[in-house]
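Peer 1: starting from these lines, generate the structure:
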Amino acid sequence: MEKRVVITGMGIWSCLGTDIKTVKDSLFAGRSGIGLQQERITYGYRSALTGIVEEPVITKQMIDRHTRAGMSEEARYAYMASRQAFEQSGIDDQYLRQNEVGCIFGNDSSAKPVIEAAKIMDEKHDSAMLGYGIIFQSMNSTVNMNLSTIFHLRGVNFTVSSACASGSHSIGLAYMMIKLGLQEMVLCGGAQETNYYSMASFDALGAFSVRMDDPARASRPFDRDRDGLVPSGGAAALVLEDYDHAVARGANILAEVIGYGFSSNGGGISEPSDNGSVIAMSRAIKDAGVALDDIDYINAHATSTRQGDMYEAIALNRLFHGQRALISSTKGMTGHECWMAGASEVVYSTIMMQNNFVAPNINFDNPDEYSEKINITPTTVETEVNVVLSNSFGFGGTNSALVIRKLKQ
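Peer 2: Residues are numbered from 1 along each chain as shown. All right, here's what the predicted structure looks like:
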């Protein structure tokens, strides 16, 4: 018999804030976390725009120096978010040592340690100069290996590397593990480094907005006058758990994960597809066992690129034409959080669900011929939110969609 899967803890470390309350206030106010990092221009970028994410302070009282040496930037973000998630879930170190908990995290780059190691080798020609921890920082599995070590996690343990759908797929896979009875609890989420080394190749594609005179208005999902995305990052963590297990230990249940859908476009490596998007959304909705009219809110993937936003708008119109679901992309406020986005947007959506509002698609001043056909809200709407669909799409044609809802007894 399939298990029910619930969210019992969440943590967030983003440009909107580094705790749930601050992020809730930012979402409700439609407050942008985007600013300028002038070092990007010096380094050779076209655009200095980025989400401004606070650097975590991790002391020796929290983690020993030896372990900290192996933590990449994104692992540090993920650690801070995971601490919050476990705390909210009521999970302490004793529980983690006595019970099997899994870890599935989305991460698809670790550029800074790789580049810094190459610089040292080019200059010193001596691998002994690299130090102990750089290998653990430089691997794509840097987040999982650090979290599993720090928190003594002994369940399923792997990294999802699927571009900008990584965080969403990590939740979907954790949901499947628990639904099938393979795990009782999984820490999952997504993490994204924000250093300027990590995004130069995106800048080379001309993918970034250059609206540097007004950073808060640079990310413009679905707007006719958008000129590109704004890179961002941080980490989001969720504790997913078997419903019966959560009830038995008296956990506070935040929401229920009820659907996961996926697809691959099978086309060009950077080409989005309305067909692929529709398949992923349809599978998630079918898995959830809900009707289109049951969905109150859609957290769109829309990153503020012309082609990506266009194809998602076409897909949303194909599925939801005439339906009541409100639509917004929180990336107007956050920029594109890349590998963490699918996880952070589930956190954002759950916050909305708990506080009865839909966050705005800010900077949506003028719809284009595609976005004018869908139900985008440019302002905060105070309304009951019971069922949410969250979309995440990535390079290589990978698509993920998740459905979450308020708990039904």
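
Peer 1: ok, now which ones touch the spatially closest residue to L180 that is not a sequence neighbour?
Peer 2: Nearest non-adjacent residue to L180, counting by CB to CB, 6 or more residues apart in numbering: E2, 7.0 Å away. (Each C-beta comes from the backbone N, C-alpha and C, glycine too.) Each residue near E2 by CB atoms under 8 Å, 6 or more residues apart in numbering is listed here: K179, L180, G181.

Peer 1: the last one: which element?
Peer 2: Using DSSP states H and E, G181 maps to neither a helix nor a strand.

Peer 1: give me the low-pLDDT residue ranges for the chain?
Peer 2: 409 (pLDDT under 70).

Peer 1: which residues in it form strands?
Peer 2: 5-13, 34-36, 49-51, 102-106, 157-160, 185-192, 234-242, 255-264, 297-299, 326-328, 357-358, 381-382, 387-394, 398-405 (DSSP state E).

Peer 1: got JSON lines for the ones you listed, with distance to D126 too?
Peer 2: Shown next, in JSON lines, are those (distance: least, CB to CB, whole Å):
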{"stretch": "strand 5-13", "distance to D126": "35"}
{"stretch": "strand 34-36", "distance to D126": "37"}
{"stretch": "strand 49-51", "distance to D126": "34"}
{"stretch": "strand 102-106", "distance to D126": "33"}
{"stretch": "strand 157-160", "distance to D126": "30"}
{"stretch": "strand 185-192", "distance to D126": "31"}
{"stretch": "strand 234-242", "distance to D126": "33"}
{"stretch": "strand 255-264", "distance to D126": "44"}
{"stretch": "strand 297-299", "distance to D126": "49"}
{"stretch": "strand 326-328", "distance to D126": "52"}
{"stretch": "strand 357-358", "distance to D126": "56"}
{"stretch": "strand 381-382", "distance to D126": "60"}
{"stretch": "strand 387-394", "distance to D126": "38"}
{"stretch": "strand 398-405", "distance to D126": "40"}
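
Peer 1: generate CSV for the ones you listed, with mean neighbour count as supplementary columns.
Peer 2: Output for the strands of the chain, formatted as CSV (neighbours: other CB atoms under 10 Å):
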stretch, mean neighbour count
strand 5-13, 26
strand 34-36, 19
strand 49-51, 27
strand 102-106, 30
strand 157-160, 20
strand 185-192, 34
strand 234-242, 31
strand 255-264, 21
strand 297-299, 26
strand 326-328, 25
strand 357-358, 22
strand 381-382, 13
strand 387-394, 27
strand 398-405, 27
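
Peer 1: looking at those strands, which is nearest to R306?
Peer 2: Nearest to R306 among the strands of the chain is strand 387-394 (14.6 Å), distances taken as CB to CB.

Peer 1: CA-only coordinates of the closest one, as PDB, when you get a sec.
Peer 2: Below are the C-alpha coordinates for strand 387-394, written out as PDB (Å, rounded to 0.1, in the frame of the first residue of the first chain):
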ATOM      1  CA  VAL A 387      -3.400  23.100  -3.900                       C
ATOM      2  CA  VAL A 388      -0.300  24.300  -5.700                       C
ATOM      3  CA  LEU A 389       1.400  23.200  -8.900                       C
ATOM      4  CA  SER A 390       5.100  24.100  -9.100                       C
ATOM      5  CA  ASN A 391       7.000  24.000 -12.400                       C
ATOM      6  CA  SER A 392      10.800  23.600 -13.000                       C
ATOM      7  CA  PHE A 393      12.400  23.200 -16.400                       C
ATOM      8  CA  GLY A 394      16.100  23.000 -17.300                       C
END
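
Peer 1: list the buried residues of stretch 10-27.
Peer 2: 10-18, 20, 23-24, 26-27 (16 or more other CB atoms under 10 Å).

Peer 1: wait, which of these is closest to V239?
Peer 2: M10 (7.6 Å).

Peer 1: can I assume that closest one is in contact with I253?
Peer 2: No - between M10 and I253 there is no contact under CB atoms under 8 Å: 11.7 Å.

Peer 1: shared neighbours, these two?
Peer 2: Counting by CB under 8 Å, 6+ apart, nothing touches both M10 and I253.

Peer 1: which stretches in the stretch 151-300 of the chain count as helices?
Peer 2: 166-179, 200-204, 243-248, 274-288 (DSSP state H, counting those that start in this stretch).

Peer 1: hmm, who's touching the third one?
Peer 2: Under the contact criterion CB under 8 Å, 6+ apart, helix 243-248 has outside partners K3, R4, V5, V6, T8, E184, M185, I253, E256.

Peer 1: in the protein, where's the longest helix?
Peer 2: helix 73-89 (DSSP state H).

Peer 1: now do the same contact list for S400.
Peer 2: Applying CB under 8 Å, 6+ apart, the residues near S400 are 162, 165, 168-169, 172, 260-262, 280, 342, 391-393.

Peer 1: middle-most residue in the chain, spatially?
Peer 2: A341 (2.4 Å; CA atoms, centre = their mean).

Peer 1: show me what contacts that one?
Peer 2: Counting by CB under 8 Å, 6+ apart, A341 has contacts C164, G167, S168, G190, Q192, H301, K331, T334, S392.
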